[in-house]
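Peer 1: Okay, predicted coordinates and the sequence, questions at the end:
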Amino acid sequence: MSATKTAITTEGAPAAIGPYSQAVRSGDLLFASGQIPIDPATGNLVEGGIEAQTARALANVAAVLSAAGLGFADVVKTTVYLKDMSDFAAMNALYAPKLAPEGTVPPARSTVEVARLPKDSLVEIEVTARFS
């Protein structure tokens, strides 16, 4: 028996600009597309360095999770794409309180440096979450 797929969408995160969903629920899992630091109200990349861009990307992830009835505590895996690995500590300072607060089991994570991200953003964050 094949699992069904249900698209999850929200105006709280940037609309998909291609043939993909903001997130897809399949069974007990939510697969969220990578979020870059676009302000959903303006459609523009937020100005500022890695801190401002990480904060916006995380806010977009939170909006997608919320649209599915989930939160950061439900995330089991993340992938973080950085334009420059020297931004790792600054990104992590904002990531940790949301996804790995003290006393919790943090999600598994991969972090990679990439040559270029959409809109020349500095960071992109994607998550996989589990429904309880």
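Peer 2: Right, received. Where do you want to start?
Peer 1: contacting residues for P14?
Peer 2: Contact partners of P14, counting by C-beta atoms under 8 Å, 6 or more residues apart in numbering, are 35-36, 38-40, 43, 60. For glycine as for every other residue, the C-beta is placed from the backbone atoms N, C-alpha and C.
Peer 1: Which stretches in the chain count as helices?
Peer 2: 50-67, 88-99 (DSSP state H).
Peer 1: Tabulate these in JSON lines, adding columns for distance to E126.
Peer 2: Listed next are the helices of the chain as JSON lines, based on distance: least, C-beta to C-beta, whole Å:
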{"stretch": "helix 50-67", "distance to E126": "8"}
{"stretch": "helix 88-99", "distance to E126": "12"}
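Peer 1: Compare these and report which one is nearest to V105.
Peer 2: With C-beta to C-beta as the criterion, V105 lies closest to helix 88-99 of the helices of the chain, at 10.6 Å.
Peer 1: If you count neighbours, what's buried in the closest one?
Peer 2: 90-91, 94-95, 98-99 (16 or more other C-beta atoms under 10 Å).
Peer 1: Take the residues you listed and write them to JSON lines, including pLDDT and distance to V112.
Peer 2: Formatted as JSON lines, the buried residues of helix 88-99 follow (pLDDT from 0 to 100; distance: C-beta to C-beta, whole Å):
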{"residue": "A90", "pLDDT": "98", "distance to V112": "16"}
{"residue": "M91", "pLDDT": "98", "distance to V112": "12"}
{"residue": "L94", "pLDDT": "98", "distance to V112": "18"}
{"residue": "Y95", "pLDDT": "98", "distance to V112": "14"}
{"residue": "K98", "pLDDT": "98", "distance to V112": "20"}
{"residue": "L99", "pLDDT": "98", "distance to V112": "17"}
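Peer 1: from these, which single one is nearest E113?
Peer 2: M91 (11.3 Å).
Peer 1: How about that closest one: what's its closest non-neighbour residue?
Peer 2: Ranked by C-beta to C-beta, 6 or more residues apart in numbering and with sequence neighbours excluded, the top spatial neighbour of M91 is T54, at 4.8 Å.
Peer 1: Cool, thanks, signing off.
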